[in-house]
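Enquirer: here is a sequence with its predicted model. Questions after.
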Amino acid sequence: MATEEELANMSPEQLQELQKQNCIFCHIISGKVASKKIYEDDKVLAILDINPANPGHILLLIKKHYQIMPQIPDDEISHMFMVAKAISHACLKALKAQGTNIFIANGMVAGQKAPHFMLHVIPRANVDGIKIFDLPEKDIPDDVLEQIRAGLTNKINELSGIKTEEPVVLDKKPEKIGSKAEKEIDEDKKLQKKEEPTKEKNQKKTKKKKDNKRKKPEIYLDEISNLMIENEPKK
Ligand SMILES: [Zn+2]
């Protein structure tokens, strides 16, 4: 075991390596620990859960050690969901399941138990005694819902690189935002003509954007959880 001082002096890469050494799922992926494998390719491994909620409960693991969803590159997470679709379909056909639950615990407060990101596919039958989601129906005032909607829309647009000229608020009509956007695009074009930026400058800009994108997901999760705490309904 590393001492606290050793841990504090470790680089993110060294910490990642240490986590991998202590991760049971990384050992399953490397073959050090035996498992009931049902599918494998270069990005993912699917195994049977040894304590299944139902027969055929499958754990789909990303091969690289990521803890939570924001750390996973787009190509790996989209591949994971394509494989999940195939596995779910195989449950319906091969196990005669009547449905499936696709389940992810993203973060400890969401019930994540292991520090290795995974997706569960659980075959379901009509009466199988599983109560996966016992969701309450909270009463949230409309202005709070609107605040949440605007906050999410703005952040999703920002994360996907969609430029919005101003925050989405209730009393602004969409055409007004659109016309302002067009005006600014025109002004941007004028500026570009004046400046005639070199290719090098453009590349620098793109690089800066990418760096920003990489840092954002953590802020994203924090901000959502802050919003959830702030907007907790008072009863
Ligand atoms: Zn791992």
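Expert: Perfect, thanks for sending it.
Enquirer: low-confidence stretches in this structure?
Expert: 1, 165-235 (pLDDT under 70).
Enquirer: contacting residues around stretch 95-111?
Expert: With C-beta atoms under 8 Å, 6 or more residues apart in numbering as the test, stretch 95-111 has contacts from 55-56, 68-69, 84, 88, 91-92, 112-113, 117-126, 130, 132, 221, 225. Just so you know, the C-beta spots here come from the backbone N, C-alpha and C atoms, and that holds for glycine as well.
Enquirer: check stretch 122-139 too.
Expert: Taking C-beta under 8 Å, 6+ apart as the rule, stretch 122-139 contacts 52-58, 91-92, 95, 97-101, 103, 233.
Enquirer: hey, C-alpha coordinates of the lengthiest strand in the chain in CSV?
Expert: The single longest strand within the chain, with elements called by DSSP state E, is strand 118-124. C-alpha atoms of strand 118-124 as CSV (Å, rounded to 0.1, in the frame of the first residue of the first chain):
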residue,chain,number,x,y,z
MET,A,118,-20.1,-0.6,-16.4
LEU,A,119,-23.5,-1.1,-17.8
HIS,A,120,-26.0,-3.7,-16.7
VAL,A,121,-28.4,-5.5,-19.0
ILE,A,122,-31.0,-7.4,-17.0
PRO,A,123,-33.4,-9.7,-18.7
ARG,A,124,-37.0,-9.2,-17.4
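Enquirer: partner residues bridging residue 102?
Expert: residue 121 (DSSP bridges).
Enquirer: what is the burial count for it?
Expert: By other C-beta atoms under 10 Å, 14 other residues sit near residue 102.
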